[in-house]
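**Q** based on what follows, work out the 3D shape:
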Amino acid sequence: MADFPRLPPSGIKVIIVGAGFAGLTAAIECDRKGHSVLLLDKAPDLQPLGDIISFGQNSSRFFAKWPGVQEALTPLVHKSDVFHFHDWKGNFVTTQSFVEEHRTWGPRVNGHRGEIHQVVLKHARARGIEIRLGCNVVNYFETAEHAGVELQSGERLTADLVVAAEGVRSRGRKLVLGFEDKPQPSGYAVFRAWFPADELLKNERTRHLVEKGDSHHGWIGQDVHFLSAAIKDGKEMSWVCTHKDDGSIEENWQFPGRIEDVLRVVDGWDPVVVDLVKMTPPDRLFDYKLVFRDPLPTFISPQARTVLIGDAAHPFLPTSIQGASQAMEDGVVLAACLDKAGGKDKVQEAVRVWEKIRYERVHKIQKTGVTTREQWHKADWEAIWKDPQSLHLKREAWVLDFDCEADAYASYDAVLGEL
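**A** Now for the predicted structure:
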C-alpha cells in the first residue's frame, strides 16, 4: 500500500457502490480518515468517457489535498478566466470575469470528465483502496448491526455502512424510500460534443474560438442556450446546447446525437454557432435527456446503515454547475462524520448527523440550477440590454468559498444535539 497520510484505523468497514466522482471521493476520504473501504462498480473497465465537467472551488480544494492529483490535473483543465455572452444572433452582450474569485477562493477545475476521472481513479488505486469491477449490485439489505449488498453472482457482502453512489437508478433508493421510483424527464435535454479543434482553425468564423488558446463563450436564445469551451490551449473544443425536449427516458437517457437535430434547434442563429455544429464529427455528438427527481424526504435508510450520495440522492441540472461538487462534498462530509463520531459503534449516529449537515445545503444549491436556466431561457432582452450583467452566472461565496470538511468537524456536536 502506498504511503499516503491517513489517520489511524477506525475499525469502520465501508462498502461503496459506484466508482464515479461521488464514490471515488467517498472512498479516498474514508481511506484518509482510517476507515476500511471496498469500492464496487458494475463496469468491467472504467473508460475515460464523457465530455466537459466542472468543479467549483468548494470541491476542487480536495484535489489539492490528495497528493499528486492537482499536479496531474493542471495540463488537462480549462484555463480561461472570462466568459463572453452573446445573443442568439451573435451580438456581443457582456463579459464575466472570474479573475477575482480565483484570486480569493482558489481555482475552478473544468475539463474532460473521463480524463479527470482517470486521474482520481489512479490516485485511489495508488492509495491501495480495494476496487472490484464487474460487480453488479442487485439488492441492498441491512440490520441494526450491519448493511450489505447482493451481487448478480449471488455473493453477499456486508459492512458497517453501505454507500450507494451509482447514480439516479441506484437500487439503494428502494431501501431508503421503501418503494421503487422512476426518474422523470425534466422537459429539457442537452446536446453535448467534444472533439479536436484542428478544423476550427481553418474556418474564419470559428478560428477566434481556439486560435488564442482556451476560451469560453455562450449564446442565449429563447428557451435555448449554447455554450462553447476551447480547452488544452485551444487544441480541443467542447460545446453543450440545452433545449426543450419531450423525449422518453424509460430505458436510457443518453443517445448518439444527430447533427441535423441540433441544426434545427439553432436555425437562424449566429453563423459561428451553426458552423461549430456543422464541423462537429457526428460520432462525437450525444443527446442527453435531463432527468428530474423530486427532492427525497431522506438520504438514509431506516437503520441508518445505508446512505445515498451524489446523483443517487440529488441529481443536479447542468446549469447549477454544482452536481459533481456536491457529490464530492457528500463523500468528504460522510468520511469526516464517521471520524468525528469515534468508532464503529457510532456509525448510525454519524450517518444521521451527516444527513442533517448535508440535506438543506444540497437542496438549496439544487434550486440554483433551475434559477440559472430560467435566467437565460426566459430572458427579457429589453431589460438585458439595459443591464447586460443580469446574464452573469451567480457566483456566491456561501456555495463556492466553503470548506465542507472543516464545517463538518466544527458543526458535528451542535448538529448531534439537535437530533
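
**Q** okay, strands next: where are they in the stretch 101-250 of the chain?
**A** 109-112, 130-133, 137-142, 147-151, 156-159, 161-164, 184-196, 215-221, 224-231, 236-244 (DSSP state E, counting those that start in this stretch).

**Q** next one: the stretch 301-419 of the chain
**A** 306-308.

**Q** shaky segments in it?
**A** Nowhere does the stretch 301-419 of the chain drop to pLDDT under 70.

**Q** pretty sure G34 contacts F4?
**A** No: checked against CB atoms under 8 Å, the pair G34 and F4 is beyond contact range at 11.6 Å. (Glycine included, C-beta is placed from N, CA and C.)

**Q** measure stretch 380-396 end to end?
**A** Stretch 380-396 has an end-to-end distance of 23 Å (CA to CA, to the nearest Å).

**Q** wait, stretch 30-42
**A** End-to-end for stretch 30-42, by CA to CA: 21 Å.

**Q** got a list of what the most centrally placed residue in the chain touches?
**A** In the chain, the centroid-proximal residue (CA atoms, centre = their mean) is A324; its distance is 1.9 Å. Contacts for A324 (CB atoms under 8 Å, 6 or more residues apart in numbering) come out as F21, I53, S54, F55, S59.

**Q** could you redo the last one with a cut-off of 10 Å?
**A** Neighbour list for A324: 20-22, 25, 53-56, 59-60, 109, 113, 116-117, 310-311, 316 [criterion: CB atoms under 10 Å, 6 or more residues apart in numbering].

**Q** out of the residues you listed, which sit inside helices?
**A** In this view, the contacts of A324 that belong to helices under DSSP state H are F21, A22, T25, S59, S60, R113, I116, H117.

**Q** out of these, who's nearest A335?
**A** Nearest to A335 among the ones in helices among the contacts of A324 is T25, at 8.6 Å by CB to CB.

**Q** so what's the closest one closest to, chain neighbours aside?
**A** Distances taken as CB to CB, 6 or more residues apart in numbering put G331 closest to T25, at 3.6 Å, once the chain neighbours are dropped.

**Q** enumerate every residue touching the one you found.
**A** With CB under 10 Å, 6+ apart, G331 has these contacts: 16, 21-30, 59, 62, 163, 165, 309-310, 404.

**Q** separation between it and V162?
**A** Per CB to CB, to the nearest Å, G331 is found 14 Å from V162.

**Q** what touches both of the two?
**A** I16.

**Q** and of the strands of the stretch 101-250 of the chain, who's closest to E349?
**A** Nearest to E349, of the strands of the stretch 101-250 of the chain and by CB to CB, is strand 161-164 at 11.7 Å.

**Q** any idea of the mean pLDDT for that closest one?
**A** What strand 161-164 shows for mean pLDDT is 98.

**Q** partners of it, with directions?
**A** Note on strand 161-164: by DSSP bridges, its sheet partners are strand 13-17 (parallel), strand 306-308 (parallel).

**Q** restricting to C-alpha, output it in PDB.
**A** C-alpha atoms of strand 161-164 as PDB (Å, rounded to 0.1, in the frame of the first residue of the first chain):
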ATOM      1  CA  LEU A 161     -22.000   1.100   6.300                       C
ATOM      2  CA  VAL A 162     -23.000   0.900   2.600                       C
ATOM      3  CA  VAL A 163     -22.800   4.000   0.400                       C
ATOM      4  CA  ALA A 164     -25.000   4.000  -2.700                       C
END
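
**Q** any idea how far that strand is from the chain center?
**A** 19 Å (CA atoms, centre = their mean, to the nearest Å).

**Q** any stretches of the stretch 51-200 of the chain with poor pLDDT?
**A** Ranges of the stretch 51-200 of the chain meeting pLDDT under 70: 183, 185.

**Q** so D233 sits against L76, correct?
**A** No: counting by CB atoms under 10 Å, D233 stays clear of L76, with 11.2 Å between them.

**Q** show me which of the two is the more surrounded one.
**A** L76 (16 against 13; other CB atoms under 10 Å).

**Q** measure the more buried one to D311 for me?
**A** 23 Å.

**Q** also D401?
**A** In this view, D401 and D311 are 25 Å apart by CB to CB.

**Q** who's more crowded, those two?
**A** D311 (25 against 16).

**Q** now do the contacts for that one.
**A** Per CB under 10 Å, 6+ apart, neighbours of D311: 18, 20-22, 165-170, 183, 291, 293, 323-324, 326-327.

**Q** rerun at 8 Å
**A** G20, A22, G167, V168, G323, A327 are the contacts of D311 under CB under 8 Å, 6+ apart.

**Q** grab the nearest non-local neighbour of G11.
**A** Nearest one to G11, counting by CB to CB, 6+ apart, is K344 at 4.8 Å.

**Q** revised request: answer the last question for K89.
**A** Per CB to CB, 6+ apart, closest to K89 is D270, 5.9 Å.

**Q** pretty sure the one you found sits against F85.
**A** No: look at D270 against F85 with CB under 8 Å: they stay out of range, at 12.0 Å.

**Q** now do the shared contacts for these two.
**A** Joint contacts of D270 and F85 (CB under 8 Å, 6+ apart) are W219.

**Q** can you get me a residue count around N91?
**A** 12.

**Q** for it, give me its contacts.
**A** Contact partners of N91, counting by CB under 8 Å, 6+ apart, are absent.
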